[in-house]
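Chemist: Below is the sequence, then the predicted model.
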Amino acid sequence: MKLSRFREILARVCSSRALLATFSLAMATALPALAAPRIIVISLDGATPRIVKDLLKSGALPDGSGIGLLKKKGFWAEQNITIAPSLTAAAHIAIATGSTAPKNDIPSNSFALVASPFFSTISGFAAPIGGYSIDGPGVSPDPTANPVWRALREKGKIVVTATFPGGDGLDIKVPGLSNSPIVQPSSVRTVDYTVPFGEFGGVGGQGFTLTASNFSTAPDSTVSQLEAAGKTSYSTILQTTAPLETFTVGGVSYTIEVAALDTTNDNVVNYDTLVFFDTTNGIKPGPFTLPSTGPAYVKASDKSSSQFYLEGSPKKGGCAYYVTVLSPDLSAVHIARYSVNDIPPNAPVQSVVDDINNNVGFWADQADFRFPERINAGLTSFSDQELEDIFEDQVLHFVDYQTRVALRAIEQNPDADLVMVYIEQPDGSEHQFLLNDLRQATNPQDPTSIYQLQDPAKIARYQNYITNAYQKANNAVERIIDAVGTDSKGKPLSDVFVVSDHGFDPFFTSVSMTNLLASAGIDSSKVRAVTSGPAVHVYINLQGREPNGTVAPAEYITLQQQVANLFQNLKDTNPLYTLGKKKVSVFDKVYTRPVSISDPNFGRETNANIGQDSGDVFAMLTDGYNFDGTQNPVVQRQGDASSTSPVLSVSNFYGAHGYDPSIRHMSALFVAAGPDIGKGKLDLVHNIDLAPTFDKILGVKPDATVEGKALKEILQ
């Protein structure tokens, strides 16, 4: 019997909440295996131990629920060293395989497959785990890493992935190759219940500014449809004189109209609600069956968006509408339409995708940095506060959506042996709002807004957003614990591991790889850089390795050393940013692919830092510097020499990860509690220790490629 059904029965037979709670606890204690997966892993992207500890200490995070509960009832690690680079895709695949990036061949969030044409790039979230055969190319006969679920499922264990990287049901091909063969089949990336992470549906977010002149009396058809839907307006229903927008998704065109309602019966004309609908479908009365939503009804005073399903979209996608300003007389109306998204309908996992769409809903909008950074169109009239409100609304709704996806996965698989859950926050908020270094410009357009000229109100506001992100993520953990239940001592009935992929730190300077390579006169047809956060992989167009390679081995060695020297010699000498030092190395770590001119495997050699598809030079910046965040037009830092193509500049957001994992602030979160977990504290663990620990609990021998070690000291 499923736990949700069991509780429903209890609720019907118990006359009071107190009696229900008492009886539930007694039954959970007596029947601990009622409906609790053996292991549940929850990855909170970017959750940083020092921030969690500070929030627990201040009471911003309760010590009796979520992470605080697990810390009290189980094991906590002071430091969880992730892998290099400390990036989301690379670190999650390290968690899933128990191996480092050079071994599992996912070296970054974005990189190149050397079997691809030279200027092609692949996402680390959709790249072959454990490598592939360059020759052909084709499936590797001997992968250098395997996801933990392969060994478990071979032993009959049930595994669930809920938007966890690597669990997506994809057939992986080589980007840029026409008619590329499959280099990793979907069977490697499919488990018993696989929920892929959502995808962009082709229409980006946008802002709209309207005034009263954009509205007139609504047509009779709109009025009658609203009446049939049970909607009342105490002032004349108005409607936009022209459609708000028209866009096409998957070959289906949508024309969006907006009606304005006054829902307050106070004899005053004060419009407070906007209704968004597609002209083809009109305003239907409902009720609606997921993923359908009907029209989107939005009140600015609610500070909450409303989802809008695109009826007839081939991929079952949708968006949401949010109203940041709505003057009662419609003199000022600000609307944000979030991007269109869907869950990719990968054939091997289509039944699961349908289950989520039909029971949780279409893929919700994740926190979109393009709003606060004013990259999306139509935002000129929006204040910073409005754009921050949009972002915070997306944080709230997306964490809730991912949590409901996880709960659905658990409900459908109560006998699972391993459930792997991914929650995007607090990562998105930390990137945007981690403003706590005196060298960060609180106004990205003003390089002088550092040190004593920083905006204290903005700093305080941003800190609240960080706290909110951790609270939302913690609520997700608590909801999952509540779903599986706890025993009489408060321990979860499943072994619940809450981890993160990496930590976080503020950064104050953006670094332009394009300008840096150009400043050294390096030929961009022979050398290219692929950056992710503060990590970069530099590829050389080697003959005999890349298709149509142009660089001979002798020139390769020269170019490789030239790039490495360029990185090692780049110094920041601006005293406003070096904190009293005469100069600071902008690059912290620089690694080169091992090569020997006589080696028949030239250009394919690997070592502990360089994998098959790593760059010929792999480097990570010093803490505080980041390849992302360069503004257009560029904003030079205060005190730097004037330049039309500066290497260093002022960034337009504030938080980063991807640095050397030995940096303390890059430490990932680790806390666990449950039937198989004892109680105590560890000084140090590694993210690659997780997979063999799951194997140990489930009695399965780890894959031969696993580099980590089972955390036997936490097991009882």
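Modeler: Received it, and whenever you're ready, just let me know what you need. Just so it is clear, the structure is predicted and the values come from calculations on it, not from any experiment.

Chemist: End to end on stretch 255-266, go ahead and measure it.
Modeler: With C-alpha to C-alpha, to the nearest Å as the measure, the ends of stretch 255-266 fall 33 Å from one another.

Chemist: Which residues does that stretch contact?
Modeler: Under the contact criterion C-beta atoms under 8 Å, 6 or more residues apart in numbering, stretch 255-266 has outside partners 210, 215, 218, 222, 226, 231-235, 237-240, 243-246, 269-280, 283, 330, 335, 337. Using the backbone N, CA and C atoms, a C-beta is placed for each residue, glycine as well.

Chemist: can you tell me which of those are in strands?
Modeler: Under the assignment DSSP state E, the contacts of stretch 255-266 contribute 210, 215, 238-240, 245-246, 273-278, 335, 337 to strands.

Chemist: And those, which two are furthest apart?
Modeler: Taking C-beta to C-beta as the measure, the ones in strands among the contacts of stretch 255-266 span a maximum distance of 23.0 Å, between 246 and 273.

Chemist: Which of those two has more residues huddled nearby?
Modeler: Under the criterion of other C-beta atoms under 10 Å, the comparison of residue 246 against residue 273 puts residue 273 first, with 20 against 11.

Chemist: The more buried one bridge partners, please.
Modeler: Residue 273 has the following beta-bridge partners by DSSP bridges: residue 261, residue 299.

Chemist: Just give me the neighbour total for residue 61.
Modeler: Around residue 61 sit 23 other residues, with neighbours defined as other C-beta under 10 Å.

Chemist: need the contact list for it.
Modeler: Residues counted as contacts of residue 61 (C-beta under 8 Å, 6+ apart) are 52, 55, 67, 68, 470, 471, 474.

Chemist: Tell me how far the second one lies from residue 49.
Modeler: Okay, so that is residue 55. In this structure, residue 55 and residue 49 are 11 Å apart, going by C-beta to C-beta, to the nearest Å.

Chemist: With the last one instead?
Modeler: Residue 474 is 14 Å from residue 49, where distance means C-beta to C-beta.

Chemist: do the fifth one as well
Modeler: With the distance defined as C-beta to C-beta, residue 470 ends up 12 Å from residue 49.

Chemist: Neighbour count for the two, which is higher?
Modeler: Of the pair residue 470 and residue 49, residue 470 is the one with more neighbours under other C-beta under 10 Å, namely 26 against 21.

Chemist: Find the nearest non-adjacent residue to the residue most central in space within the chain, please.
Modeler: Relative to the mean C-alpha position of the chain, the nearest C-alpha, by C-alpha atoms, centre = their mean, is the one of residue 424, at 4.1 Å. Taking C-beta to C-beta, 6 or more residues apart in numbering as the measure, residue 424 lies nearest to residue 45, with 5.2 Å between them; neighbours along the chain are not counted.

Chemist: got it, and residue 655?
Modeler: residue 434 (3.1 Å).

Chemist: any idea which residue of the chain is furthest from its center?
Modeler: With distances taken as C-alpha atoms, centre = their mean, the residue sitting farthest from the centre of the chain turns out to be residue 267, at 47.3 Å.

Chemist: Could I get the buried residue list for the helix or strand residue 297 falls within?
Modeler: For residue 297, the element it lies in under DSSP states H and E is strand 296-299. In terms of neighbour count (16 or more other C-beta atoms under 10 Å), strand 296-299 has its buried residues at 296, 297, 298.

Chemist: Where does pLDDT dip in the stretch 601-716 of the chain?
Modeler: When the per-residue scores of the stretch 601-716 of the chain are filtered using pLDDT under 70, no range remains.

Chemist: just so I have it, where are all the helices in it?
Modeler: Listed in chain order, the helices of the stretch 601-716 of the chain (DSSP state H, counting those that start in this stretch) span 690-698.

Chemist: dump the residue contacts of the closest residue to the residue farthest from the centre of the chain other than its chain neighbours.
Modeler: Beyond its immediate neighbours in the sequence, the residue positioned closest to residue 267 (C-beta to C-beta, 6+ apart) is residue 234, lying 7.9 Å away. Residue 234 makes contacts with 262, 263, 264, 265, 266, 267, as judged by C-beta under 8 Å, 6+ apart.

Chemist: where's residue 641 relative to residue 573, distance?
Modeler: In this structure, residue 641 lies at 10 Å from residue 573, with C-beta to C-beta as the measure.

Chemist: For the two, indicate the residue with more neighbours.
Modeler: Set side by side, residue 641 and residue 573 show more neighbours around residue 573, with 12 against 7, by other C-beta under 10 Å.

Chemist: Wait, residue 640 touches residue 648, no?
Modeler: Yes - with contact defined as C-beta atoms under 8 Å, residue 640 and residue 648 form a contacting pair (6.3 Å).

Chemist: Settle it for me: which of those two has more neighbours?
Modeler: Taking residue 640 and residue 648 together and counting by other C-beta under 10 Å, residue 648 has the greater number of neighbours (23 against 19).

Chemist: any idea how far the more buried one lies from residue 567?
Modeler: In this view, residue 648 and residue 567 are 14 Å apart by C-beta to C-beta.

Chemist: now residue 640
Modeler: Counting by C-beta to C-beta, the gap from residue 640 to residue 567 is 19 Å.

Chemist: Then residue 234?
Modeler: With the distance defined as C-beta to C-beta, residue 234 ends up 67 Å from residue 567.

Chemist: Over to residue 448?
Modeler: According to C-beta to C-beta, residue 448 and residue 567 sit 29 Å apart.

Chemist: which of those two has more neighbours?
Modeler: Neighbour tally, residue 448 and residue 567, criterion other C-beta under 10 Å: the higher count belongs to residue 567, 23 against 12.

Chemist: so who does that one touch?
Modeler: Taking C-beta under 8 Å, 6+ apart as the definition of contact, the neighbours of residue 567 are 587, 590, 617, 619.

Chemist: rerun at 6 Å
Modeler: With C-beta atoms under 6 Å, 6 or more residues apart in numbering as the criterion, the residues that contact residue 567 are 587, 590, 619.

Chemist: from those residues, which is closest to residue 154?
Modeler: Using C-beta to C-beta, residue 619 comes nearest to residue 154 of these, at 38.4 Å.

Chemist: Show the contacting residues for residue 376.
Modeler: For residue 376, the residues meeting the contact criterion (C-beta under 6 Å, 6+ apart) are 205, 206, 370.

Chemist: all helices of the stretch 201-350 of the chain, in order?
Modeler: With DSSP H, counting those that start in this stretch as the criterion, the stretch 201-350 of the chain has helices spanning 220-228, 350-359.

Chemist: so which of those helices comes closest to residue 128?
Modeler: Distances from residue 128 to each of those were compared using C-beta to C-beta; the minimum, 21.9 Å, belongs to helix 350-359.

Chemist: now for the helix or strand following the closest one, which elements pack on it?
Modeler: Downstream of helix 350-359, the first helix or strand assigned by DSSP H and E is helix 384-412. Here helix 384-412 touches strand 159-162, strand 318-326, helix 456-484, going by 3 or more C-beta pairs under 6 Å, 6 or more residues apart in numbering; DSSP states H and E.

Chemist: most tightly surrounded among the ones you listed?
Modeler: A comparison of those by mean neighbour count, using mean count of other C-beta atoms under 10 Å, puts strand 159-162 on top with a mean of 28.
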